[in-house]
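Student: Using only what follows, build the 3D model:
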Amino acid sequence: MTSEQSNPTAPAGTTAGELSLDGSTLLRRRRRVLRQLGLCVLVLVPWTIYLAVSLPDRFEARHWPWVWTGFDVMLLVTLAGAGAAVRLRRQVLVPLSFVAATLLLCDAWFDVSLSWGKEDVWASAASAVLVELPLAVLLIMRARRVLKISVELAWQQLGLAGNPPPLHKMPLLAALASSRSNEAAIKGAEDV
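Tutor: Numbers count the residues shown, from 1 in each chain. Coordinates of the predicted model:
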């Protein structure tokens, strides 16, 4: 059996050696992502302050039905995608569930905040408390469970002793797989 056949999730024609990254490549990519995220935070803080002081109290939106319909279509697509991923037993369930949960939280926030001070605030609050927030929590819990199981299986396949650390302390599996010293990576995770 070739390495291509032993890993059914690898892209066609990819060997196991091509999937592993050396330490310098991972470090370079990590630094690039940190710079990008740092830049996003630096730009978003003043932008948020600017919006807080400059937005009008009232605004008439054109195409209001399209805005909400488009939002609900995105929510529908992510929920349907998560359902399909469950049915097909695919890892894409994890990001789709987190995206759908985030959209549900946003939906609850906008429904309640945009109806604040009106009669329909109670219907919006009931929808948020009884439907959107519980579904978001369920999606996050299920995605987290799938992620934990996947980490445990990867931990075993890497031949690491004991149980993996909690997800918030878990190093990226790519870093563990390509690490020259898995024990050093694990030690670093435990020190966090």
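Student: Now do the contacts for residue 42.
Tutor: For residue 42, the contact set (CB atoms under 8 Å, 6 or more residues apart in numbering) is empty. C-beta coordinates here come from the backbone N, C-alpha and C atoms, glycine included.
Student: Need phi/psi at residue 159.
Tutor: Phi and psi for residue 159, reported as degrees, to the nearest 10, are phi 70, psi 30.
Student: What of residue 57?
Tutor: Dihedral pair for residue 57: phi -70, psi -30, per degrees, to the nearest 10.
Student: number of nearby residues for it?
Tutor: Neighbourhood size, residue 57 [other CB atoms under 10 Å]: 4.
Student: That one and residue 109: what is the separation?
Tutor: Distance of residue 57 to residue 109, given as CB to CB, to the nearest Å: 18 Å.
Student: where in the chain is pLDDT low?
Tutor: Applying pLDDT under 70 to the chain flags the ranges 1-22, 173-192.
Student: Flag every buried residue along the longest helix along it.
Tutor: Determined from DSSP state H, the single longest helix within the chain is helix 23-54. Residues residue 26 are the ones in helix 23-54 that count as buried (16 or more other CB atoms under 10 Å).
Student: Give me the distance between it and the centre of its chain.
Tutor: The chain centroid and the centroid of helix 23-54 are separated by 17 Å under CA atoms, centre = their mean, to the nearest Å.
Student: Name the next helix or strand downstream of it, please.
Tutor: Downstream of helix 23-54, the next assigned helix or strand under DSSP states H and E is helix 64-88.
Student: So what touches stretch 107-116?
Tutor: 71, 72, 75, 121, 123, 124, 125, 127, 128, 132, 133, 136.
Student: Among the residues you listed, which are located in helices?
Tutor: When those are checked against helices (DSSP H), the matches are 71, 72, 75, 121, 123, 124, 125, 127, 133, 136.
Student: tally of neighbours for the second one?
Tutor: Using other CB under 10 Å, residue 72 is surrounded by 12 other residues.
Student: next one: the third one
Tutor: By the criterion of other CB under 10 Å, residue 75 has 18 neighbours.
Student: what about burial for the contacts of stretch 107-116, which qualify?
Tutor: Buried members of those, scored by 16+ other CB under 10 Å, are 75, 124, 127, 128, 132, 133, 136.
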